[in-house]
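Asks: pasting the structure only:
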């Protein structure tokens with residue numbers, strides 16, 4: 001009797017395992033989507049690649065300064081639920097024949113989902129830190145202004161990921177991205193069925 005019960009339990013377990021495997025095989029699989037947590041996840045490397053596409057770039061500030069930005073580096077602030085983008089900056093003055101000013105800018109951004117564009121975007125970037133070498137203190141205000149210009153013109157509403165239409169359909173149901181969480185490894189976007 002006990003062995004018959006054990007065989008029946010094993011058979012039921014095998015049927016359940018096969019059913020689960022079959023249902024998973026028939027469901028569409030999307031890179032970064034976790035069916036167990038209901039989240040899309042994007043790794044630090046994927047996010048870095050999205051930023052790399054925006055650099056190097058050049059901006060002009062106050063018709064005097066030419067700013068060249070390069071080498072973006074992404075840091076993830078899980079505690080603050082923010083991303084930090086650090087870029088190298090080279091600033092030249094077109095009126096004065098002086099050596100270029102070299103430094104780095106660190107910009108802190110939130111994240112938001114834009115339903116019209118179907119994209120996870122940087123939100124409200126602000127200057128966190130400006131570091132320059134060999135520049136007198138009176139120029140720090142201009143450097144912060146350059147950093148604000150970079151934050152608003154270059155990174156405001158910059159899309160880190162744009163969802164394809166098929167990524168917003170799971171088993172024939174429409175899903176909607178919701179809360180976005182920054183982790184130490186990347187970002188997670190919770191999705192809900194509509």
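Replies: The structure has been received and is ready for your questions. From a predicted model like this one, the values you see are computed outputs, not experimental measurements. Residues are numbered from 1 along each chain as shown.

Asks: ok now stretch 85-98, how far from the chain's centre?
Replies: Mean-position distance between stretch 85-98 and its chain equals 27 Å (Cα atoms, centre = their mean, to the nearest Å).

Asks: Would you mark the buried spots in it?
Replies: Taking 16 or more other Cβ atoms under 10 Å as the basis for neighbour counts, the residues of stretch 85-98 that come out buried are 85, 86, 87, 88, 89, 91. (C-beta placed from N, C-alpha, C; glycine too.)

Asks: For beta bridges, what are the partners of residue 90?
Replies: When bridges are called by DSSP bridges, residue 90 pairs up with residue 68, residue 102.

Asks: That one and residue 40, how far apart?
Replies: To residue 40, residue 90 is 36 Å away according to Cβ to Cβ, to the nearest Å.

Asks: can you check residue 112 too?
Replies: Taking Cβ to Cβ, one finds residue 112 at 15 Å from residue 40.

Asks: Compare these two (neighbour count), which wins?
Replies: residue 40 (23 against 14; other Cβ atoms under 10 Å).

Asks: List the beta-bridge partners for that one.
Replies: Judged by DSSP bridges, the bridge partners of residue 40 are residue 33, residue 189.

Asks: In contact with it, which residues?
Replies: The contact partners of residue 40, by Cβ atoms under 8 Å, 6 or more residues apart in numbering, come to 30, 32, 33, 34, 163, 167, 177, 188, 189, 191.

Asks: With residue 129 instead?
Replies: Going by Cβ under 8 Å, 6+ apart, residue 129 touches 104, 105, 106.

Asks: quick check: domain ranges of the chain?
Replies: Annotated domains of the chain cover 1-29, 41-162 [automatic domain parsing].
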